[in-house]
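# Can you look at this prediction? I've put the sequence above it.
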Amino acid sequence: MLMPGRLVRATMRVRADDTRFTLLAAYMPPQSEARTARRQTEWEDAWTALEEAVATADAHGESLLIGGDLNAQHAVALEHWGSQAGDSDERLEDLSIEYGITSASEEVEATYVQETDRGTVRSTIDHWLVSEGLRGRVRAEVGPGVDGLRLGAGYDAASGSNTRKGHNSVALTLRLQTDAGREAEGLYAKRGGQIRPLDEAEMEAFAAEEEAEVEAALAAVGEAGGGDKERMEAIDEALHALARRIVGISEAAQAAAKNSNTKEDQVTRKDRKMRNWRRLMRRMERMAPSDGAMHESDARGIFGRLDRMDPIVKAAVQGWRGERRRQELLNLQEDEIPRSSRRV
């Protein structure tokens, strides 16, 4: 158990085909602008624990499945439901992009539905997420919740449900590497597997070319004398191909940028360090005086291991305790932000 009530890790092996993977079961704290200091600490600790578990699995080359109520949505779901991104949504998106984690669901569907005075609110906060090692072998499908009701389109007080809110289930299928499993997997692979969520820039590129791709696909079907079924399949294949092409271009550019060392790249990395440092400082400001980060010799690990902690941060951490430690850290100038810290 990585965090009681929030995060559990298990090493799994499927006896039928010896598939091995790390399973993370998560129930993340809700995102809210009105969190107390205690709730804020719990929220930060939970997301940090999840990020570190994913980083550990990635460092060891382990295939990874993450399942649970993350109380966060990917950018594609936020756009689908017309919602604004919150802090949890941003952490989920960053985690997915950094480690190449994608949803096992093929479509954006409501997993949580709530009836409010403003109408019915739908979101996709329950997930099965998969790393590259298992991508193409898993599929997640939204189904009825524990009460046997499937909440979604048309959900209201007259739907027959006696609840005003609830979760749908999200069931995962893993194709085994047996003869029968490989046959099913081969059919699924014709679609090219799941594509990771597109970021904002990629969505703009997709939208710019979407109409032309659809028109070209329909024209090809028309010339071949295809019907409605063929037209739908052609549109689906064309848009999947477009998304894969855009993702491929984007990932190639990111890989090139990661390997370069231009002044502009250095500025980008520095900006990222600045944002991370400011996030840590906001967390310090909200901490209670009794928090372990104010007293423990390693500041409860929020700045990384002592042997890897930047000297300027280590001096503030080990030189002071309590409120004075907080003030020393808050007084550090941003141009002194450590380069070697694991968190920054």
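Great, that's in hand.
# can we go C-alpha only for contacts and neighbour counts from here?
Noted.
# Buried residues in stretch 234-246, which are they?
For stretch 234-246, a neighbour-count test (16 or more other C-alpha atoms under 10 Å) marks 234, 235, 237, 238, 239, 240, 241, 242, 243, 244, 246 as buried.
# meant to ask about stretch 37-52
Going by 16+ other C-alpha under 10 Å, stretch 37-52 has these buried residues: 40, 41, 42, 43, 44, 45, 46, 47, 49, 50, 51.
# Give me the subset of those lying in strands.
Judged by DSSP state E, the buried residues of stretch 37-52 include no members of strands.
# Please tabulate those residues in TSV, including the columns pLDDT and distance to residue 92.
Formatted as TSV, the buried residues of stretch 37-52 follow (pLDDT from 0 to 100; distance: C-alpha to C-alpha, whole Å):
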residue	pLDDT	distance to residue 92
40	87	17
41	88	17
42	90	16
43	92	13
44	91	13
45	92	14
46	94	12
47	94	9
49	94	13
50	96	10
51	94	9
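# Let me know the closest of those to residue 125.
residue 47 (14.6 Å; C-alpha to C-alpha).
# ok, now how distant is that closest one from residue 200?
23 Å (C-alpha to C-alpha, to the nearest Å).
# same check, this time on residue 118
Distance from residue 118 to residue 200, by C-alpha to C-alpha: 28 Å.
# for the residue nearest to residue 294 when sequence neighbours are not counted, phi and psi?
Computed as C-alpha to C-alpha, 6 or more residues apart in numbering, the closest residue to residue 294 that is not its neighbour in sequence is residue 322, at 4.7 Å. When read as degrees, to the nearest 10, the backbone of residue 322 gives phi 70, psi -150.
# For residue 322, give me its contacts.
Listed by C-alpha atoms under 8 Å, 6 or more residues apart in numbering, the contact set of residue 322 reads 289, 290, 294, 295.
# what about the stretch 151-300 of the chain, any weak spots by pLDDT?
Applying pLDDT under 70 to the stretch 151-300 of the chain flags residues 151-164, 179-197, 257-276, 300.
# Can you show me the helices along it?
179-189, 200-224, 228-259, 263-286 (DSSP state H, counting those that start in this stretch).
# Name the helix or strand for the most centrally placed residue in the chain, please.
Centroid-nearest residue in the chain, with C-alpha atoms, centre = their mean: residue 92, separated by 3.1 Å. In the assignment (DSSP states H and E), residue 92 maps to helix 87-99.
# just checking, what packs against whichever helix or strand comes after that helix?
As assigned by DSSP H and E, the chain's next helix or strand after helix 87-99 is strand 102-103. Under the contact criterion of 3 or more C-alpha pairs under 8 Å, 6 or more residues apart in numbering; DSSP states H and E, strand 102-103 touches strand 126-130.
# try 10 Å
strand 64-69, helix 87-99, strand 126-130, strand 138-143 (3 or more C-alpha pairs under 10 Å, 6 or more residues apart in numbering; DSSP states H and E).
# what's the spacing between the third one and its chain's center?
What separates the centre of strand 126-130 from the centre of its chain is 8 Å, taken as C-alpha atoms, centre = their mean, to the nearest Å.
# returning to that earlier point: same drill for residue 118 and residue 200, tell me which one is more crowded.
Remark: of residue 118 and residue 200, residue 200 carries more neighbours, 12 against 6, as counted by other C-alpha atoms under 10 Å.
# Out of the helices and strands packed on strand 102-103, which is closest to residue 330?
helix 87-99 (21.7 Å).
# Average pLDDT for the closest one, rounded please.
The average pLDDT for helix 87-99 rounds to 91.
# Format the CA atom coordinates belonging to it as CSV.
Only the C-alpha atoms of helix 87-99 are listed here, as CSV (Å, rounded to 0.1, in the frame of the first residue of the first chain):
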residue,chain,number,x,y,z
ASP,A,87,-5.3,21.3,-10.9
SER,A,88,-6.0,17.5,-10.9
ASP,A,89,-6.7,17.6,-14.6
GLU,A,90,-3.4,19.3,-15.3
ARG,A,91,-1.5,16.7,-13.2
LEU,A,92,-3.2,13.9,-15.0
GLU,A,93,-2.4,15.4,-18.4
ASP,A,94,1.2,16.0,-17.5
LEU,A,95,1.6,12.5,-16.2
SER,A,96,0.1,11.0,-19.3
ILE,A,97,2.3,13.0,-21.7
GLU,A,98,5.5,12.5,-19.7
TYR,A,99,5.2,8.7,-19.5
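# Okay, buried residues for it please.
88, 89, 91, 92, 93, 95, 96.
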